[in-house]
Every structure is written in structure tokens, then in C-alpha cells.
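> please find the sequence and the predicted model below.
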Amino acid sequence: MRVKVFDGDNITLVDRGIKNKIHLACIDAPELLQSEGEHARKVLQNILEDEEIYVKVFKKDKFGRYYGEVMAGGQNANKVMLSLGLAHYDRLQEKDCQGYAELESKAQSDHLGVWANGTDVITPSQFRRDNKLLGVGY
């Protein structure tokens, strides 16, 4: 199985020629054009590289992607991205996202990643609206 990392919260798993697009549930990583966007993509690539990947699927989203938690090397990649400050907690799926709010709060108080200069930041969803970007780029 190969993994292609599009950005900090979207990947494609390719297994025997079959592609499955996965959106990391419970998080919204910066867009590639935003500050920390490229960094988030590279970090997610490092987390997933050379690891066996499992996906706990919650649902399929409106773009046809699987929406779930990505496990790699014994760790939850979604939570790692959030705890490093390289994603925002996406509250739209609260029932599936236990422990995510606390991880975001800690990253904020530790001034990590997108929170380096405080909590007054443009969220990825606001950036997409301001720049008239669709929610999916691949």
C-alpha cells in the first residue's frame, strides 16, 4: 500500500491500484497557501511514512472521501497533528472526537504551530471562504 499526502488533513491510500481518499476526521489543517500549510503536509507525511496505516472510518463525506481516524505506527495521526498545533479542532463531528478539544487547548497554551503568535488566527475554513476555495483540492 502506498500513501499520498495531499495536505495536513487529506491523504490517498493506493492499494493494488485502488485509490481511497481519506479526510482526517475531527481536524482542519491549514490550507497549503496558509502559514504552516506546507509544514503540516510534511509533518503528516513523516508520521505516515514507512508505517502500516489503518483507518477507523466514521462516514463518507460529501466529496466521496472516507472521513476517519488514521492510525500509523501505533499513534493516531489526527491527534498528533492537533497536538503539534498543525491543525484546528473541527467541532462538526464532536460525537466522534473525544479528547480533541483538550489537545487543541494545550497546543494553544504552548504556542505550537499555528498558535505560535496567539489564538487570533485565520482558520482554514475562513481562509477557504475568503479565497473562494472548495473544501477539497484533489
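Nice, thanks for sending it over.
> so, low pLDDT: which residues of this structure?
Along the chain, the model assigns pLDDT under 70 to residues 134-138.
> where exactly do the strands run in it?
2-7, 10-15, 18-24, 27-28, 53-60, 66-72, 75-76, 88-89 (DSSP state E).
> looking at those strands, which is buried most?
Of all these, strand 27-28 has the most neighbours on average by mean count of other C-beta atoms under 10 Å, namely a mean of 24. C-betas here are computed from N, CA, C, even on glycine.
> I would like the residues contacting that strand, please.
Identification of contacts with strand 27-28 by C-beta atoms under 8 Å, 6 or more residues apart in numbering yields 8-9, 78, 81-82, 87-90, 100, 123-125.
> buried ones among these?
8-9, 78, 81-82, 87-90, 100, 124 (16 or more other C-beta atoms under 10 Å).
> reformat the residues you listed as CSV; add distance to Leu133.
Formatted as CSV, these follow (distance: C-beta to C-beta, whole Å):
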residue, distance to Leu133
Gly8, 15
Asp9, 14
Asn78, 22
Met81, 20
Leu82, 22
Ala87, 17
His88, 16
Tyr89, 20
Asp90, 16
Tyr100, 24
Pro124, 9
